[in-house]
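Asks: no FASTA, just this:
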């Protein structure tokens, strides 16, 4: 379930290009399921190359990274305030995920939270996710 929610990171595109650096990024997500306090899946981690286009609009990367296995993911809301990206997303597919999050970023880091609800075997399952990312260097 941890991989189901890594849904990761618009003032103007030009402003973002100055704030987030393209390159190789290590992205980590820790998931917690409030209904099962003793259940703590291992952290999910991946390395992703952000192109100049991705750096100008990181929401392009978040949809795919945050919802592996989900399909038809669309932002229902996304906005930037300073160096903070807030969003709401809905995905189709087997899990029918609804998520919302808040990601703060600098040129070389991203940190935030994503809360989501997925339909698992016809029942809603809520997760709370902590996301962190750091730029490793060039791709």
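Replies: That came in fine, so what should we check first? On a predicted model such as this, the values are computed, not experimentally measured, just so you know.
Asks: below-threshold pLDDT in the chain: ranges please.
Replies: Flagging of the chain using pLDDT under 70 yields the residue ranges 1-18, 58-71.
Asks: which parts of it are strands?
Replies: 23-32, 44-50, 71-81, 84-92, 98-105, 109-120, 123-137 (DSSP state E).
Asks: could you dump the ones you listed to a markdown table with mean neighbour count and distance to residue 38?
Replies: Using the backbone N, CA and C atoms, a C-beta is placed for each residue, glycine as well. Shown next, in a markdown table, are those (neighbours: other CB atoms under 10 Å; distance: least, CB to CB, whole Å):
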| stretch | mean neighbour count | distance to residue 38 |
| --- | --- | --- |
| strand 23-32 | 19 | 11 |
| strand 44-50 | 16 | 19 |
| strand 71-81 | 13 | 30 |
| strand 84-92 | 19 | 27 |
| strand 98-105 | 20 | 24 |
| strand 109-120 | 18 | 18 |
| strand 123-137 | 17 | 15 |
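Asks: JSON lines for these, including distance to residue 57?
Replies: JSON lines is the format used below for those (distance: least, CB to CB, whole Å):
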{"stretch": "strand 23-32", "distance to residue 57": "15"}
{"stretch": "strand 44-50", "distance to residue 57": "10"}
{"stretch": "strand 71-81", "distance to residue 57": "10"}
{"stretch": "strand 84-92", "distance to residue 57": "10"}
{"stretch": "strand 98-105", "distance to residue 57": "12"}
{"stretch": "strand 109-120", "distance to residue 57": "14"}
{"stretch": "strand 123-137", "distance to residue 57": "16"}
